[in-house]
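Sequence first, then the predicted structure, then my questions.
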Amino acid sequence: MGFFDLLFGQKQQQTIHMPSIMSSADVNTIQMGQFPSIATNDIYLQKGEICYYADNARLMNEKVVKDYIRRYAGTSFNGIIFDWMRYGQGYSKKIQVGQHTETEYFDGKLFVTSKRTIFLQKEAGFDKKHTSITAINAYDNGIEIQYGSRTYTVFVPDGYLLNDLFELLH
């Protein structure tokens, strides 16, 4: 790898590994096809709601940002009657020249209850009902959950465990 490859080459995707805070007994319960009951003081549960999953998570938020440049044009000239008078006019125009994607990561906790999926984080948290899930894609270190037109990519210690839990719920 040369010097210019280091400066201008593609960045390697880093593998995100989240440490787990779930007990092995709760993990084994989900793997056996049963629901664990996790006591938590971090979220308020609705009447009859039970928490089945509580673990560290990282939400990945990608947004498209448009790039603009501004063009200026105009003219000015001296006055016809008096030299000290000046006349000028001009305008500016904003032109889109492209777009790029920015990725933000938000660390928090993910909770899956009998009724909702909750990502607890100050800036980018969400609380969604299971009835509005459109699709789920599981990976070894994360999961993508689609609610209508919005897709949440969440990195967790074990994405397949979380997928097993969603399969038990539906």
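Here it is on my side, so go on.

Could you report the neighbour count for the residue nearest to S92 when sequence neighbours are not counted?
In this structure, S92 finds its nearest non-sequential neighbour in Y72, 4.8 Å apart by CB to CB, 6 or more residues apart in numbering. The way it works is simple: take the backbone N, C-alpha and C, and place the C-beta from them, glycine included. Y72: 8 surrounding residues under other CB atoms under 10 Å.

Wait, a helix at Y72?
No: looking at Y72 with DSSP: H, G, I helix; E, B strand; the rest coil, it is strand, so not inside a helix.

Tell me the pLDDT of it.
Looking at Y72, its pLDDT reads 82.

Which residues are in contact with it?
G90, Y91, S92 (CB atoms under 8 Å, 6 or more residues apart in numbering).

K128: which of those is nearest?
K128 lies nearest to S92 out of the contacts of Y72, by CB to CB, at 43.2 Å.

Among the contacts of Y72, which lie within strands?
Among the contacts of Y72, the members falling in strands (DSSP state E) are G90, Y91, S92.

Which stretches in the chain count as strands?
Using DSSP E, strands in the chain cover 51-78, 86-113, 116-120, 126-129, 133-139, 142-147, 150-155.

For the residue in the chain sticking out farthest from the centre, report the pLDDT, please.
In the chain, I81 marks the outermost C-alpha relative to the chain mean, sitting 63.9 Å out by CA atoms, centre = their mean. Per-residue pLDDT puts I81 at 70.

still on that earlier bit, for D26, which of the strands of the chain is the nearest?
Distance to D26, taken as CB to CB, is lowest for strand 51-78 among the strands of the chain, at 7.9 Å.

so what's the nearest residue to G90 once chain neighbours are set aside up against?
Spatial nearest neighbour of G90, excluding adjacent residues (CB to CB, 6+ apart): G74 at 2.3 Å. For G74, the contacting residues are G88, Q89, G90, Y91, by CB under 8 Å, 6+ apart.
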